[in-house]
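# Sequence first, predicted model second:
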Amino acid sequence: MDELKYKPIPHDHEAFLKNAKRREGFRKAYEGLEEEYALKNTPRLSVATWKLNWFQIHPQQATHS
C-alpha cells in the first residue's frame, strides 16, 4: 500500500462563511444552529470550580463530599 502523508489544508472560517452565505437557504440554516451550538463555545467549568461554586451555594453539603 502506498504511504499516506498528512497534508494540512488551511481553513479560513470567515471566508468560508462569506462564500457559503451566498447560497440560498444557508444563512437561515446556519443562524438556526446558533442556539444549539452556543454551549459549545462557552467556557466549561472544571470539576474543581464546579465544586467550589456548589459548596458556596450549599455550605451544609461541604462536610459530605
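The structure has been received and is ready for your questions. Numbering: from 1, shown residues only.

# For the closest residue to Lys21 other than its chain neighbours, grab the count of nearby residues.
Of all residues not flanking Lys21 in the chain, Arg27 sits nearest, at 4.8 Å (Cβ to Cβ, 6 or more residues apart in numbering). In this view, the C-beta of every residue, glycine as well, is placed from N, C-alpha and C. By the criterion of other Cβ atoms under 10 Å, Arg27 has 13 neighbours.

# cool, and Glu3?
Glu3: 4 surrounding residues under other Cβ under 10 Å.

# helices and strands of the protein: which one bottoms out on pLDDT?
In the chain, no helix or strand scores lower on mean pLDDT, DSSP states H and E than helix 47-57, which sits at a mean of 69.

# list the buried ones in the helix or strand harbouring the residue nearest to Lys21?
Taking DSSP states H and E as the definition, Arg27 sits inside helix 26-32. Residues of helix 26-32 include none that count as buried (16 or more other Cβ atoms under 10 Å).
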